[in-house]
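Asker: generate coordinates for the sequence data below:
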Amino acid sequence: MKEDRQYVTALARGMAVLRCFSVERNELGTSEIARLTGLPQPTVWRLCYTLSKLGYLVPGQEKERLRIGPGIWAIQSSGTRTRLVDLALEGMQSLAKTYQVAVSLAEPDGTAMMIVQRAQAHTLLSLNLAVGSSLPIEKSALGAAYWCALPTPQRQVLQAALQRQRPAAWLEHQAYLAQCLRQYQRLGYVLNLRHFHPEVNAIGVPVIASGNTRIMVLNCGGAGSSVTPALLRGPIADAMKALALRISGWMSDGAV
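Answerer: Predicted coordinates for the structure are as follows:
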């Protein structure tokens, strides 16, 4: 990138810092950010200072740690609220209310899935997820459903990226994804039974535009005590597939 005079290195580094934060890494220290980005510690300090001044990072609950601030949510709430996610919301809210679950719509963001729309019933068990939250592809129902819907060459490229990024746990993740692929090929959805979270069961259904030009994913989940595998495989799976088909039609019609 050094030969590209249009490329702004400082901006790219700032974005790399922000991408370090996820659901599993919601608070980070500068030494952790330096390790994740490969940037020198003094550079990370300056970037974090600037991002904090702009409201994109704020102090975490622990001393000398940072978390995503309101500046990011302001960008996401305006930038991701396309006509498509607005159209999807009514059906998601209906499903969430009917089955007392949380429903998310997400799209890929590197080796993660970013939530772009979410509807949630008021239940005792509630994960700290919102529009803008990112979940790992290799561990979540959202990610597994996306993985399964990819054409084989693209899936192989993604596998190589995931394996490079998280080699220590790759054998476990690979087994889960292989199981999901077999399930998806038979049923058109994937289940995540207490794999992402020990108390949560979830289902993931791909939303595929005509010609595979775009793939998003619908996810529905809740407390394993009430959102049982039988419920997920039965009426919830049927409702999720129907909603995915509707959203797919809007995607193909150009409701970006």
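Asker: what ranges do the strands span in the stretch 101-250 of the chain?
Answerer: Assignment of strands within the stretch 101-250 of the chain using DSSP state E, counting those that start in this stretch yields the ranges 102-109, 112-120, 134-136, 190-193, 200-208, 215-223.
Asker: in JSON lines, list those strands along with mean neighbour count, distance to Ala230 and mean pLDDT.
Answerer: Just so you know, the C-beta spots here come from the backbone N, C-alpha and C atoms, and that holds for glycine as well. Formatted as JSON lines, those follow (neighbours: other CB atoms under 10 Å; distance: least, CB to CB, whole Å; pLDDT from 0 to 100):
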{"stretch": "strand 102-109", "mean neighbour count": "24", "distance to Ala230": "19", "mean pLDDT": "91"}
{"stretch": "strand 112-120", "mean neighbour count": "22", "distance to Ala230": "22", "mean pLDDT": "89"}
{"stretch": "strand 134-136", "mean neighbour count": "23", "distance to Ala230": "25", "mean pLDDT": "86"}
{"stretch": "strand 190-193", "mean neighbour count": "23", "distance to Ala230": "11", "mean pLDDT": "96"}
{"stretch": "strand 200-208", "mean neighbour count": "25", "distance to Ala230": "10", "mean pLDDT": "96"}
{"stretch": "strand 215-223", "mean neighbour count": "26", "distance to Ala230": "14", "mean pLDDT": "94"}
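Asker: any chance of those strands in a markdown table with distance to Thr30 as columns?
Answerer: Output for those, formatted as a markdown table (distance: least, CB to CB, whole Å):
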| stretch | distance to Thr30 |
| --- | --- |
| strand 102-109 | 23 |
| strand 112-120 | 21 |
| strand 134-136 | 20 |
| strand 190-193 | 33 |
| strand 200-208 | 32 |
| strand 215-223 | 32 |
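Asker: how many neighbouring residues does Gln61 have?
Answerer: 8 (other CB atoms under 10 Å).
Asker: same thing with Glu90?
Answerer: Glu90: 11 surrounding residues under other CB under 10 Å.
Asker: what's the angle from the helix or strand it falls within to strand 112-120?
Answerer: In the assignment (DSSP states H and E), Glu90 maps to helix 83-99. If you take axes from the mean of the first three to the mean of the last three CA atoms, to 10 degrees, helix 83-99 sits at 60 degrees to strand 112-120.
Asker: buried ones in helix 83-99, by neighbour count?
Answerer: Applying a neighbour-count criterion of 16 or more other CB atoms under 10 Å, one finds Leu84, Val85, Leu87, Ala88, Leu89, Gly91, Met92, Gln93, Leu95, Ala96, Tyr99 buried in helix 83-99.
Asker: CSV please, covering those and showing distance to Ala34 and pLDDT.
Answerer: Below are the buried residues of helix 83-99 laid out as CSV (distance: CB to CB, whole Å; pLDDT from 0 to 100):
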residue, distance to Ala34, pLDDT
Leu84, 37, 84
Val85, 34, 86
Leu87, 42, 91
Ala88, 38, 93
Leu89, 39, 93
Gly91, 43, 96
Met92, 38, 96
Gln93, 42, 95
Leu95, 42, 96
Ala96, 40, 95
Tyr99, 44, 95
